[in-house]
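S.K.: Fold the following, please.
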Amino acid sequence: MNQQRIGDGHRDAREWKHAASAYRKHVSTHPEDAAIWVQLGHALKESGDLAGAEEAYETAVSAAPNEVDAYVHLAHVLKRQDKHTPALEAFRTAAKLGAGDQVHGEIEVLMRSVRSDLPLTRATNEYLFSIQDMFFYLRTHPTMSGIQRVQAGITLALMEMDDVDVGFILTDFTEVLERGSFWLLRNSDVKAMINYAAGAHVDHHRLRKLLSACEHNASPITAGGGNTIVLSGAFWGLDNTIDRYLPAKRAGAKLAAYIYDIIPISHPQYCEAELTREFTTGVGELCLICDYILTISDYTRVILDKFLIDNGGRAVPTATVPLAHSLTGPSSEVQAWPQSMQKLRGREYVTYVSTIEGRKNHAYVVNVWRKLIEQGVDVPDLVFVGRKGWRINGLLDLLDGTRNLGGRVHIVHDLTDAELNAVYENSLFTVFTSFVEGWGLPVGESLMHHIPCAASNTSSIPEVGGDFVDYVDPESIQTGVDVIGRMITDRAYLASRKQNIVDNFKPRGWDDVARLFVAQMKAHAHLPVAEALLPTLAEGLQFRPGDLMEIRKALIGYVTTPSRLMIAENFYGTERWGAWMRGRFGEISFRTPLPEGTPIMVYIGLETAPWYEECRTIVYLGDGRHSESRALMGPEIKQNRHFRLSGFVGPNGVCRVCIEVEGEYGLPEGDTRNFAVGLTGVGYARVSNLEARADLLESFSFGAASVACQAHQQA
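M.R.: Okay, here's the model as predicted:
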């Protein structure tokens, strides 16, 4: 009988042991059949015999050393047996043979796992620049946007400076290292990656390999006293949130941040609700513990200072480090004409470089073009360079209704720096009519290429352009018609503006920015390390993590009560119901206005995962695990959900609620998190404050206003 067919039949019926028996008979007479050795491995794996599956896959690899799938399956079964080093080698071989991108992700995780046994070393660099968000962004995008290009420019310049001790770090988003540890990158790897990303042609697959090389060669470190960690990019997401740096801060490290703007707070009408929520919580948390903040413009610094003063925030030292006027690399030495603009080559066009979103006011330029056409002006083509963002339905309707102004408007995106150089160099002039900016990098880029620019007269933009830019009122179409119309029709005037730039414009490069950055860091070096403060929780109010997900408007009041920091170090991200605790132990920590030793009652709401059944949970205050603890059995949590325990306020008014999970539990497939218990809410009151205790009981029972909601209502 044909044992292969019999095996296939049992396989299709999911009768794994019978399938394995038939496949064994087949390979006993056909040992060279690598494909059936793989099938035997599958059958053994599904029947629970991982060691047998490993042996079958090994045989398949020997029989067909160039078979990608055999190596991938071998790697996975090795990984399931915690044989990380051989699994890593199998994945690497599969990658060399042309396996997909998912294999590179497996390699990254295993590299960290294999090296997690290495002892952590203390960072010796005085300054540690986090470039985590740049790596996160470039994983999914082939070219850099504004913030990433700023980070790249400063990073490359810092590497060339001999008088500053700088290292570049990533957060441990794989959670292999202890919480609060980092990966220190090799400068040569980072430099190679950035130079490639800023090159004439960028293959995203190749770029991801360079990112992986940076991570594979990184060393695990801790930070503390003597180190200053600088958040040079997005601090509100992309695995770069403030809680990642709290352990280092508590160990004595300083924390500084480079802030580009606070537009999601000051102008939320131009932003998605989710960004506004994440950004505002990020600013509130940053300003509670940050030692000092540098901003990219005086405008951003002034508006940030005013925001903190007006909303009762902590006074944080701030200073300005203005951005460069150039691209990441040389501004015009490398050019490559974009394929997507072939039909425009040799024609006159005006360029608007920016993400296409409502705040950038692209519709303004389209309407100026319409007015000029109505006046009989022979307008050049208009090129929008940028990805489509949010709040642009009106613009898209306008372009659709006019057929892109009769074919005069063109939208391109994902240009390399070399392609962008070519677009700038061949522009008649550029426009940048944004309503509000933190800086306005495209204005400086235009001037770097000696190309005149018509830009808004608002926010930080005049800081970038000075007297070299022709300004318009972004609220007045007529000013745009007048200013831009003159640049189109009066070529002698346009030529004079270009010549003025050539003769007098003194660009600021990334080396200048880096030097000023270092000067500001050294100027702030004398400051004492700011305490890593805990947020204050008012007596009688409940903190519910899920409320941070529900509130869609700007959480202005959050700057005074950044309540997520109560749980950030020991809990996963907030969900609508609450937040899952990481692993078996967690703390909820907050300040109270009460003296040390004050008797209090703490009320806590807990949730359990489906696999919690065999577990037992201990909840206690401070270090009173035995004297003030309450044992919560599995069934009791599932029935009651809400619990009360008594204790005393700790030193400096701090209250620490500790949770421990005992017993074994499993995890579902496809979820890399480790959790069994979650928090739905927490609050406290003095034992003698019967009214506050009653409020908390009502809050837990009927969902009265929580601390997050109250912060929003007060705003």
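
S.K.: Would you quantify the distance from residue 215 to residue 304?
M.R.: 33 Å (CB to CB, to the nearest Å). The C-beta positions use only the backbone N, C-alpha and C, and glycine is treated the same way.

S.K.: When those two are compared, which one has more neighbours?
M.R.: When residue 215 and residue 304 are compared for neighbours, residue 304 comes out ahead with 23 against 18, by other CB atoms under 10 Å.

S.K.: in terms of contact, does the more buried one touch residue 320 like I think?
M.R.: No. Residue 304 is beyond contact range of residue 320, at 10.5 Å (criterion: CB atoms under 8 Å).

S.K.: Can you show me the helices along the stretch 251-400 of the chain?
M.R.: Remark: helices assigned in the stretch 251-400 of the chain by DSSP state H, counting those that start in this stretch are 263-266, 273-289, 298-310, 362-374, 393-401.

S.K.: Pull the number of nearby residues for residue 471.
M.R.: As a burial measure, residue 471 scores 17 neighbours (other CB under 10 Å).

S.K.: same thing with residue 267?
M.R.: For residue 267, using other CB under 10 Å, the count is 17.

S.K.: List the contacts of the nearest residue to it once chain neighbours are set aside.
M.R.: Distances taken as CB to CB, 6 or more residues apart in numbering place residue 436 nearest to residue 267, at 5.3 Å, with adjacent residues excluded. Remark: with contacts taken as CB atoms under 8 Å, 6 or more residues apart in numbering, residue 436 is in contact with 261, 263, 266-267, 270, 359, 458-459.

S.K.: and if you look at residue 389?
M.R.: 355-358 are the contacts of residue 389 under CB under 8 Å, 6+ apart.

S.K.: Now do it, the pLDDT please.
M.R.: We have a pLDDT of 82 for residue 389.

S.K.: Helices of the stretch 551-700 of the chain, residue ranges please.
M.R.: Counting by DSSP H, counting those that start in this stretch, the helices of the stretch 551-700 of the chain are 634-640, 690-702.

S.K.: For residue 240, which three-state class applies?
M.R.: For residue 240, the assignment made with DSSP: H, G, I helix; E, B strand; the rest coil gives coil.

S.K.: that older thread, of all the helices of the stretch 251-400 of the chain, which one comes closest to residue 673?
M.R.: Judged by CB to CB, the one of the helices of the stretch 251-400 of the chain that comes nearest to residue 673 is helix 273-289, at 19.6 Å.

S.K.: Next, the angle from the closest one to helix 298-310.
M.R.: 70 degrees (axes from the mean of the first three to the mean of the last three CA atoms, to 10 degrees).

S.K.: Report the mean confidence score over stretch 261-280.
M.R.: 88.

S.K.: can you count the residues close to residue 651?
M.R.: 8.

S.K.: Then residue 315?
M.R.: Neighbour tally, residue 315, other CB under 10 Å: 9.

S.K.: Okay, the residue nearest to residue 267 and residue 146: tell me how far apart.
M.R.: 14 Å.

S.K.: One more: residue 649?
M.R.: Counting by CB to CB - residue 649 and residue 146 are separated by 47 Å.

S.K.: before we move on, what about residue 310?
M.R.: 27 Å.

S.K.: So for those two, which residue has more residues nearby?
M.R.: residue 146 (19 against 10).

S.K.: Quick check, that one in contact with residue 441.
M.R.: Yes. Counting by CB under 8 Å, residue 146 does reach residue 441; the two are 5.4 Å apart.

S.K.: ok, back up a step: anything in contact with each of residue 304 and residue 320?
M.R.: residue 295.

S.K.: one step back: JSON lines please, covering the contacts of residue 389 and showing neighbour count, pLDDT and distance to residue 663.
M.R.: Formatted as JSON lines, those follow (neighbours: other CB atoms under 10 Å; pLDDT from 0 to 100; distance: CB to CB, whole Å):
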{"residue": "355", "neighbour count": "18", "pLDDT": "89", "distance to residue 663": "50"}
{"residue": "356", "neighbour count": "20", "pLDDT": "93", "distance to residue 663": "53"}
{"residue": "357", "neighbour count": "20", "pLDDT": "91", "distance to residue 663": "50"}
{"residue": "358", "neighbour count": "18", "pLDDT": "92", "distance to residue 663": "52"}
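
S.K.: Tell me, what's the model's pLDDT at the residue found closest to residue 308 once you drop the neighbours it is linked to in the chain?
M.R.: Using CB to CB, 6+ apart and skipping residues adjacent in sequence, the residue nearest residue 308 is residue 287, 6.2 Å away. Listed pLDDT for residue 287 reads 90.

S.K.: now residue 692
M.R.: Per the predicted model, pLDDT is 94 at residue 692.

S.K.: Looks like it contacts residue 539 (just checking).
M.R.: Yes. If you go by CB under 8 Å, residue 692 and residue 539 touch, sitting 5.3 Å apart.

S.K.: list residues touching both of the two?
M.R.: In contact with both residue 692 and residue 539: 685-686, using CB under 8 Å, 6+ apart.

S.K.: so what's the residue nearest to residue 516 when sequence neighbours are not counted up against?
M.R.: Spatial nearest neighbour of residue 516, excluding adjacent residues (CB to CB, 6+ apart): residue 321 at 5.1 Å. Counting by CB under 8 Å, 6+ apart, residue 321 touches 258, 294-296, 513, 516-517, 520.

S.K.: the bottom helix or strand of the chain by mean pLDDT?
M.R.: helix 707-714 (a mean of 42; mean pLDDT, DSSP states H and E).

S.K.: re the thing from before, tell me the one of the contacts of residue 321 nearest residue 572?
M.R.: Looking across these and measuring by CB to CB, the closest to residue 572 is residue 258, at 27.2 Å.

S.K.: Distance of the closest one relative to residue 227?
M.R.: Taken as CB to CB, the span from residue 258 to residue 227 is 17 Å.
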